[in-house]
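Undergrad: below are the sequence and a predicted model for it; my questions follow.
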Amino acid sequence: MLPPTITLLSLVLPLTASAALSADPNRKLRGVLPARRSLYTPTSAGTWKCLNGNKEISWDKVNDDFCDCPDGSDEPGTSACPNSTFYCVNEGHEGATISSTRVDDGLCEKECCDGSDEPEGVCPNVCEEVGKEYRQRREAEAKLRKTGSKIRSTYVIFAEKEKKRLQSSIAALKLEVEAKKKEEAHAKILLDHAESMSQASLAYKQQSPLYQSLVKHSEALKSLQARYQALQNRERALSDVLRNLKEGYNPNYQDMAVLEAVRGWDGLNPDASPVEETTESSEPVAEKEETVDPWDDNAISTLLREDHVSLLLQHDSHISQEDSTEEEGNHSAPFDRIGLTGAVDSVFDLESYVPDSLYPAYENARTQVVGLLTKLGVVRESTTAKARERHNTAINQLRNTESKLYNEEQALNKLYDPKWYGADGAWKKLEGTCLSYNTGEYTYEVCLFGQATQKSNNGGGSHSLGHFSSWNTSAPEGTPEYYSRQVYKHGAKCWNGPERSITVDLVCGTENVLLSVSEPEKCEYRVTGTTPALCFADTADKPAGSSGAKEEL
Ligand code: MAN
């Protein structure tokens, strides 16, 4: 509701203004944009065409506070036409355009510091003062931007260096991957050889009298177990026959053969009731000694399932250890097996130095020598284990190098990706930079392009506020607005609420720093801060005011 004085003014002033406008031909240009001034000239016949050319009106009707043109162009300096605009010249400051509805309403518009939106004498002209303040502020901002942009240019240089570093690292890693692939292939050949050699050596060891005897014992045991099981079955069948006989015979027939058979059966089963009550036990039953036989069916079956080849290898390693112990204590041993084994093992270390062209010949010679030494028992099984270990190591090294290469390639792809570090890579420098802000209760930390955290200052633990997810996707990609906001998502789940997330709003500043933190919605946080990465030396001023462009006079 307007104050009564203003309401009265607004009723009276339009009339006064319109009278003044029609009387003063210079005031016909009131509210006209400088670029359009030349269009506001009457014809020699004293007429004027609406700017869209649809209608011709009398020049007197321009700015007469009555809307004649359908496009509203005849009333640039009054509020008579709807959806029209008014331009304030603002001499000493910057021109501004406002909605024509705000013209002659008795209110001094902030955008029109010259007071031209109201009749003369209503609003003071404060453009000089406002312009001075504005220029000072602009100068300070420009200075800040200049300093910030210098820092920013070091970020761009950092990205260039990073690009070179990544390119040469990738080139080196590619060579390394090739070399590692060859190493792995060589190690595989070695392993295959060692394994096939160990097969030959195993076959030889299986001929040993001890192993052969072990195999025979095992076979004999198997045969005994089978026979034992057959006898058990037979005994079970006979028991059934006798039990049936005992239960079904007629004692009145006095058949002695049957009676003897039943007595014999009872004798075998002392727990069973005797055939006749008169039967006396002649001798006291001797107390049976409790013996536990460890070789029950299960134990024998387990023994028979033993893997003899494993046993042979274990035996071999056991004997080797004993040999080593003996040899360690006997330095005067005429045949230094350890020395020889070491020498043979060291043959494997030569692999990496053998040129590719000589490799087949080398392989052949090595196979023969090592084969002979294996037969003689000089080379031990450890050769296979070593070859396997070497192959595993080669595979692991190849995988590690390939994964390093992948990471470096990814880093290079992201370096100039607008969705990551910007088209000039400036943001790369800030990757992993952690900014924090203490609110008293919590310390908020944002590690740029990484994770954001809320840490309690009173020992209450900390919550993840999410990981970097995107820039400001509501602005066009690559624009300063796009880079003025970072969004971190998928943090720790809020009790009865969403996953925590945080929005980081940034503006140009000479430092990377957070300035405020808030939680506008439960578990949805917002921080503001500054960064030199948003300072652009060559950026023209953004349009000022909500109502349009300003023009410096
Ligand atoms: C913790 C903090 C707060 C949050 C509540 C929600 O106390 O993360 O910021 O509002 O949990 O339960």
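TA: Received, thanks. Residues are numbered from 1 along each chain as shown.

Undergrad: and the next helix or strand past the longest helix anywhere in the chain?
TA: Of all segments of type helix in the chain, defined using DSSP state H, the longest is helix 127-205. Sequence-wise, the next helix or strand downstream of helix 127-205 (DSSP states H and E) is helix 209-248.

Undergrad: could you tell me the angle between that next one and helix 127-205?
TA: 80 degrees (axes from the mean of the first three to the mean of the last three CA atoms, to 10 degrees).

Undergrad: which SS state does Thr479 fall under?
TA: At Thr479 the chain is in coil, as set by DSSP: H, G, I helix; E, B strand; the rest coil.

Undergrad: now check the helix or strand containing Pro520, is it near the ligand?
TA: Taking DSSP H and E as the definition, Pro520 sits inside strand 513-521. Yes: against the ligand, strand 513-521 shows contacts by CB under 6 Å from any ligand atom at Glu519. Yep, even glycine has a C-beta here, placed from its N, CA and C like the rest.

Undergrad: how distant is that strand from the center of its chain?
TA: 26 Å (CA atoms, centre = their mean, to the nearest Å).

Undergrad: re earlier: which other helices and strands contact the longest helix of the chain?
TA: Applying 3 or more CB pairs under 8 Å, 6 or more residues apart in numbering; DSSP states H and E, we find helix 127-205 packed against helix 308-329, helix 359-375, helix 382-415, strand 501-508.

Undergrad: what's the local residue count around the residue of the stretch 101-250 of the chain found nearest the ligand?
TA: Using CB to the nearest ligand atom, Gly148 is the residue of the stretch 101-250 of the chain that sits closest to the ligand, at 31.8 Å. When neighbours are counted by other CB atoms under 10 Å, Gly148 registers 24.

Undergrad: tell me the contacts of it?
TA: Cys508, Gly509, Thr510, Pro532, Leu534, Cys535 (CB atoms under 8 Å, 6 or more residues apart in numbering).

Undergrad: tell me the confidence at Thr439?
TA: pLDDT, Thr439: 97.

Undergrad: test my guess that it contacts Val517.
TA: Yes: assessed by CB atoms under 8 Å, Thr439 is found in contact with Val517 at 5.5 Å.

Undergrad: those two - which one has more neighbours?
TA: The neighbour comparison of Thr439 against Val517 (other CB under 10 Å) goes to Val517, with 20 against 13.

Undergrad: name the residues of this structure found near the ligand, please.
TA: Neighbours of the ligand within the chain, by CB under 6 Å from any ligand atom: Gln454, His463, Cys494, Trp495, Glu519, Lys522, Cys523.

Undergrad: and the least confident of those residues?
TA: Lowest pLDDT among the residues of the chain next to the ligand: Trp495, 91.

Undergrad: in which helix or strand does the most centrally placed residue in the chain reside?
TA: For the chain, the residue nearest the mean C-alpha position is His467 (8.9 Å; CA atoms, centre = their mean). His467 belongs to strand 462-471 when assigned by DSSP H and E.

Undergrad: give the next helix or strand downstream of that strand.
TA: Sequence-wise, the next helix or strand downstream of strand 462-471 (DSSP H and E) is strand 485-489.

Undergrad: so what does that next one touch, helix or strand wise?
TA: strand 462-471, strand 501-508.

Undergrad: give me that answer again for 10 Å
TA: Under the contact criterion of 3 or more CB pairs under 10 Å, 6 or more residues apart in numbering; DSSP states H and E, strand 485-489 touches strand 442-447, strand 451-456, strand 462-471, strand 501-508, strand 524-531.

Undergrad: a markdown table for those strands, including distance to Val130?
TA: Shown next, in a markdown table, are the helices and strands packed on strand 485-489 (distance: least, CB to CB, whole Å):
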| stretch | distance to Val130 |
| --- | --- |
| strand 442-447 | 37 |
| strand 451-456 | 40 |
| strand 462-471 | 35 |
| strand 501-508 | 23 |
| strand 524-531 | 26 |
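
Undergrad: count the neighbours of Pro82 for me.
TA: The number of residues packed near Pro82 is 11, by other CB under 10 Å.

Undergrad: quick one: it and the ligand, what's the gap?
TA: 48 Å (CB to the nearest ligand atom, to the nearest Å).

Undergrad: for that residue, which residues are in contact?
TA: Listed by CB atoms under 10 Å, 6 or more residues apart in numbering, the contact partners of Pro82 are Cys67, Gly72, Glu75, Ser99, Ser100, Thr101.

Undergrad: cool, Ser218 as well?
TA: Residues in contact with Ser218 (CB under 10 Å, 6+ apart) are Leu303, Leu304, Glu306, His308.

Undergrad: just Ala361 next, same as before
TA: Val354.

Undergrad: ok, now how distant is it from Val354?
TA: Going from Ala361 to Val354 by CB to CB, to the nearest Å gives 9 Å.
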